[in-house]
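# got a structure for you, letters missing:
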């Protein structure tokens with residue numbers, strides 16, 4: 001029987017509802033009722049709350065800037081000042097609560113999160129991946145011709161803000177990186193090291209086992225979980241056949257006219273809506289497509305399509321941080337940036353100097369960056385490589401393990 005002593009558009013149907021929902025209206029401790037909002041239809045069996053499909057509008061969740069996966073913000077009612085068992089009890093009572101996170105640098109970015117016994121869990125409703133926007137130019141000179149959105153961290157790394165990445169402690173390669181505990185620092189800041197054209201299958205982990213057996217060409221989408229070291233030297237491939245399956249990541253050739261925008265290949269490891277950038281896209285955010293390599297960049301940075309400034313974190317363990325390039329986009333309305341004043345004061349991207357896994361399976365760390373593109377070229381593939389004073393386009397064997405920085409599909 002529907003109970004009609006709630007003002008429209010609410011109705012209560014046989015079941016049980018607790019005072020948190022209706023105490024003010026009904027003034028009772030509990031009521032045997034189910035709840036319909038937006039009409040007088042009986043809720044479906046098993047549901048405590050039903051939103052009438054005829055209702056025009058939506059359910060708005062609380063907008064919250066989350067900053068910790070394991071903590072409820074102090075601003076939440078009843079949380080501030082709690083500690084110990086009292087805080088644990090409050091967390092336990094909060095299980096099942098949902099909010100909309102507005103912090104794009106937290107977890108998987110903006111979206112709906114639910115609190116569980118282990119903390120905040122992303123369940124969707126937002127873009128999910130924080131991005132940084134940079135200008136793009138399709139020629140060595142002239143005006144900006146477009147914009148590209150890059151993930152703000154390497155594929156496989158822990159999502160962090162640019163300031164958090166810059167402040168991450170510098171470390172040296174440990175004596176052993178054969179297990180996840182030893183390799184925690186690698187994973188956190190640098191992410192995973194992919195062989196070109198391979199999907200996320202386990203080989204990309206720095207603690208993955210190696211194999212001396214190349215993968216048959218017809219098995220390139222199911223290559224197993226081992227880092228292949230069979231080819232020898234930087235010029236080899238993990239897949240049988242010198243030029244087999246060039247489009248593993250979508251890019252086919254370094255020809256700009258035939259290959260832009262790049263497609264997403266069947267083995268592309270980036271999340272939905274993202275892909276591995278082509279070499280033209282790497283060139284397009286530095287000095288423009290076809291502009292060649294950049295060398296001898298001064299300390300104060302390189303003014304190109306975007307402004308590149310080297311963050312020198314140092315190399316002393318215990319007192320240094322991760323080094324890399326900070327990239328600043330042009331200000332709104334600037335079509336041909338030239339001077340420092342033409343660029344934003346805050347960077348939108350940080351590319352840390354990264355790791356490299358060689359053809360033997362060994363891992364090295366230095367003040368250089370190695371980032372794959374999707375673009376194949378003969379028996380090799382193109383990379384964007386940098387030092388603290390150069391940004392270069394070169395080719396390297398597909399069996400080398402390097403970082404991936406995904407861009408949003410466009």
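That came through, no problem. Predicted model only: the values in this text are computed from it and were never measured.
# neighbours around residue 296, how many?
Counted with other Cβ atoms under 10 Å, residues neighbouring residue 296 total 7. Every C-beta, even on glycine, is put in place using the N, C-alpha and C of the backbone.
# separation between it and residue 391?
Using Cβ to Cβ, to the nearest Å, we find residue 296 at a distance of 11 Å from residue 391.
# same question, residue 193
Distance, residue 193 to residue 391, by Cβ to Cβ: 20 Å.
# and if you look at residue 149?
Residue 149 is 20 Å from residue 391, by Cβ to Cβ.
# what of residue 218?
38 Å.
# if you count what's nearby, which of those two comes out ahead?
residue 391 (23 against 12).
# partners of the more buried one in the sheet?
residue 294, residue 386 (DSSP bridges).
# thought it was touching residue 308?
Yes - the pair residue 391 / residue 308 is scored as a contact, 7.0 Å apart, by Cβ atoms under 8 Å.
# which neighbours do those two have in common?
286, 297, 302, 325 (Cβ atoms under 8 Å, 6 or more residues apart in numbering).
# wait, the second one touches residue 309, no?
The reference is to residue 297. No - when contacts are counted by Cβ under 8 Å, residue 297 is not listed as touching residue 309 (9.1 Å).
# wait, what's in contact with residue 328?
306, 307, 308, 309, 343, 344, 345, 346, 347, 348.
# report the beta-bridge partners for the second one.
Counting by DSSP bridges, residue 307 is bridged to residue 303, residue 328.
# quick one: residue 326 is in a strand?
Yes - with DSSP: H, G, I helix; E, B strand; the rest coil as the criterion, residue 326 is part of a strand.
# any idea which helix or strand carries the residue lying closest to it once chain neighbours are set aside?
Spatially, and ignoring its direct neighbours in sequence, residue 326 is nearest to residue 347 (4.2 Å; Cβ to Cβ, 6 or more residues apart in numbering). Here residue 347 is covered by no helix or strand, with elements defined by DSSP states H and E.
# residue 347 and residue 358: what is the separation?
Separation of residue 347 from residue 358 (Cβ to Cβ) stands at 31 Å.
# look at those two and report which has more neighbours.
residue 347 (22 against 15).
# do you know how far the more buried one is from residue 287?
18 Å.
# and the longest strand for this structure?
strand 369-377 (DSSP state E).
# ok now that strand, how far from the chain's centre?
Chain-centre distance of strand 369-377: 18 Å, with Cα atoms, centre = their mean, to the nearest Å.
# now swap in stretch 342-359 and tell me
Here the centre of stretch 342-359 is set off from its chain's centre by 14 Å, with Cα atoms, centre = their mean.
# tell me where the model's unsure across the protein.
The chain contains residues with pLDDT under 70 at 1-33, 38, 52-56, 104-109, 125-128, 175-176, 231-235, 242-244, 251-262.
# walk me through the domains of it.
10-51, 63-124, 130-410 (automatic domain parsing).
# can you tell me which of those domains is most buried?
domain 130-410 (a mean of 19; mean count of other Cβ atoms under 10 Å).
# can you give me how far it is from the chain middle?
Its chain's C-alpha centre and that of domain 130-410 lie 13 Å apart, by Cα atoms, centre = their mean.
# residue boundaries of the strands in the stretch 201-350 of the chain?
For the stretch 201-350 of the chain, applying DSSP state E, counting those that start in this stretch gives strands covering 210-211, 227-228, 274-275, 302-303, 307-311, 324-328, 349-352.
# residue 63 is nearest to which of those strands?
strand 274-275 (25.3 Å; Cβ to Cβ).
# on the three-state scheme, the residue nearest to residue 50 when sequence neighbours are not counted is what?
Excluding the flanking residues, the one nearest residue 50 by Cβ to Cβ, 6+ apart is residue 43, at 3.6 Å. The three-state label given to residue 43 by three-state DSSP is coil.
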